[in-house]
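I need the structure of the sequence given here:
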Amino acid sequence: MEYILQTDNLSKVYGTKTVLDHVSIHVPKQSIYGQMTMPCGATWGC
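Sure thing, here's the model as predicted:
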């Protein structure tokens, strides 16, 4: 399958705080994918 976006085991750490821990995303080409965000930019809990 061909992907327009693909990440495998993505992690991000700020100082001692892990904000992403082994995230994998695979968005197939010609698909619709969305994420709702709040006014503060967060996906939940502003």
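
is it true that Leu20 touches Leu10?
Yes: contact status for Leu20 versus Leu10: in contact at 5.8 Å, counting by CB atoms under 8 Å. Every C-beta, even on glycine, is put in place using the N, C-alpha and C of the backbone.

show me where this protein has strands.
3-14, 17-28 (DSSP state E).

now do the first one: which elements does it pack against?
Packed against strand 3-14 by the contact rule (3 or more CB pairs under 8 Å, 6 or more residues apart in numbering; DSSP states H and E) you find strand 17-28.

and the strand it packs on, which strands flank it?
Strand 17-28 has its sheet partners listed here by DSSP bridges as strand 3-14 (antiparallel).

got the CA positions of the strand it pairs with in PDB?
Extracted as PDB, the C-alpha positions of strand 3-14 are listed here (Å, rounded to 0.1, in the frame of the first residue of the first chain):
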ATOM      1  CA  TYR A   3       1.100   6.100   2.100                       C
ATOM      2  CA  ILE A   4       0.900   9.900   1.900                       C
ATOM      3  CA  LEU A   5       2.000  10.000   5.600                       C
ATOM      4  CA  GLN A   6       3.800   7.300   7.600                       C
ATOM      5  CA  THR A   7       5.600   7.300  11.000                       C
ATOM      6  CA  ASP A   8       6.900   4.300  12.800                       C
ATOM      7  CA  ASN A   9       7.700   4.300  16.500                       C
ATOM      8  CA  LEU A  10       7.900   8.100  16.800                       C
ATOM      9  CA  SER A  11       8.900   9.400  20.200                       C
ATOM     10  CA  LYS A  12       9.400  13.000  21.500                       C
ATOM     11  CA  VAL A  13      10.800  14.000  24.900                       C
ATOM     12  CA  TYR A  14      10.900  17.500  26.400                       C
END
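
so how far is it from its chain's centroid?
Averaged C-alpha coordinates place strand 3-14 at 7 Å from its chain's average position (CA atoms, centre = their mean, to the nearest Å).
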